[in-house]
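1. compute the structure for the input listed below.
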Amino acid sequence: MALAIMGSGGDAPGMNAAVKKFVDYLYDRGETPHLIYDGLEGLIDGKIKKAEHKDVAGILHRGGCVIRSSRSKRFYDYEYRKQAYENLQKNGIDGLVVLGGDGSFRAMDVFSKEFPVNFVGIPTTIDNDIYGTDYCLGVDTALNTIRDALDKIYDTASTFNRAFVVEVMGRECGYLAVISAMGSGAEVCVIPEVAFNRPVAEARLKREIANGRNYILAIVAEGTKKTQEIAEWIEKDLGFETRVTVLGHIQRGGAPSSYDRLMAFEFAVRAVDHLLESQRSNKVVVYQNGHFDLLEIDTVVSNKYQLNPRHLAMLNILD
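-> Coordinates of the predicted model:
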């Protein structure tokens, strides 16, 4: 069989590890791997190439994605989706592995309903906002990048008696903010899923300041759009000189952690195994409660990811 792999949407650490394992594992199985360059745009334009070992040599430790990715407005048009399908046929592609997030899977859901596309998705997004999986590829590396930045910011905050408001990524999901706040001991965490209880937080911080607290670290998820508001509140009402740091796209880059490399291998092997064994598949590989499984694409895209309530309780974020 001939299978192809592509990236779609935002990049995440571990994509190259998944691409490498996909190619190497297919050759081990005696099958033919193909690479699709530039994501959905490349699929539309026919940027499909039979993979050789040299194409994936030395990429395991690299961040980003060597086959690149894209967000495609053209893919919303049926005629371009038809063109994409015809390109798969021209290259004899029997199955497709897609490294992507929620938007990518929604696109593939439409695509696979219109054309007989045999595809398996690998949840790949640092936002960790895909329904049905506890873990998405790239999350561990992103969390370690954030942790490193927060540790350094804490050094400055405690030295100069300042407050720092740090904005992290995650779109409309507060996962990165919650886990980073837990791991850094942040005093404030603001996420989209739960309304920030400012009076309660203010009363608690004022008690701590009266008892000697001389710095504050606040983690704000980008989806709240409250970064500046929180900074102004801390400076005005709590009396701390306050600095804002937006971590931005450094959270997506960098060499993948050992855990993300391992997860990339596991995701890729399970995606390939399923495609080789199934004549018709519209699945997403998921990781739940320490085990890998496959969910129907309809189930994944029709439900919304929920934060773990235990994590929210640990932060007292439900008060």
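
2. where do the strands sit along this structure?
-> Counting by DSSP state E, the chain has strands at residues 2-7, 32-36, 48-50, 95-100, 119-123, 163-168, 188-190, 216-221, 242-246, 282-288, 291-296.

3. contacts made by the fifth one with the rest, please.
-> Applying CB atoms under 8 Å, 6 or more residues apart in numbering, the external contacts of strand 119-123 come out as 18, 95-101, 104-105, 108, 111-112, 130, 133, 135-137, 267-268, 271, 274-275, 281-286, 294, 297, 300. The way it works is simple: take the backbone N, C-alpha and C, and place the C-beta from them, glycine included.

4. likewise the third one?
-> With contact meaning CB under 8 Å, 6+ apart, strand 48-50 is reached by 4, 32-37, 42, 55, 87-88, 91, 93.

5. got TSV for the strands of the chain, with mean pLDDT and distance to Asp148 too?
-> Shown next, in TSV, are these (pLDDT from 0 to 100; distance: least, CB to CB, whole Å):
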stretch	mean pLDDT	distance to Asp148
strand 2-7	98	25
strand 32-36	98	32
strand 48-50	98	36
strand 95-100	97	25
strand 119-123	97	24
strand 163-168	98	12
strand 188-190	97	18
strand 216-221	97	14
strand 242-246	98	13
strand 282-288	96	24
strand 291-296	97	29
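
6. how about these, which one is nearest Asn308?
-> strand 282-288 (12.3 Å; CB to CB).

7. what's the first-to-last distance across stretch 278-289?
-> Stretch 278-289 has its terminal residues 25 Å apart, counting by CA to CA, to the nearest Å.

8. please disregard the earlier target; I meant stretch 233-252.
-> Taking CA to CA, the first and last residues of stretch 233-252 lie 29 Å apart.

9. so for it, what gets flagged as buried?
-> Buried positions in stretch 233-252, judged by neighbour count with 16 or more other CB atoms under 10 Å: Trp233, Ile234, Glu235, Leu238, Phe240, Thr242, Arg243, Val244, Thr245, Leu247, Gln251, Arg252.

10. quick one, what contacts Ile209?
-> Ile209 sits next to Leu238, Gly239 when contact means CB under 8 Å, 6+ apart.

11. quick one: residues contacting Asp298.
-> By CB under 8 Å, 6+ apart, the residues touching Asp298 are Asp109, Asn282.

12. what pLDDT does Arg81 get?
-> Arg81 is assigned a pLDDT of 98 by the prediction.

13. how near is Ala12 to Gly63?
-> Distance, Ala12 to Gly63, using CB to CB, to the nearest Å: 9 Å.

14. overlap of the contact sets of the two?
-> Residues touching both Ala12 and Gly63 (CB under 8 Å, 6+ apart) are Thr141, Arg252.

15. list the contacts of the helix or strand bottoming out on mean pLDDT in the chain.
-> Lowest on mean pLDDT, DSSP states H and E among the helices and strands of the chain sits helix 309-314, with a mean of 90. Residues outside helix 309-314 that contact it (CB under 8 Å, 6+ apart): Val178, Ile179, Met182, Val194, Leu318.

16. list the contacts of the residue nearest the centre of the chain.
-> Note on the chain: the residue nearest the mean C-alpha position is Thr125, at 1.5 Å, using CA atoms, centre = their mean. Thr125 sits next to Gly9, Gly10, Ala12, Gly100, Gly101, Asp102, Cys136, Leu137, Gly138, Val139 when contact means CB under 8 Å, 6+ apart.
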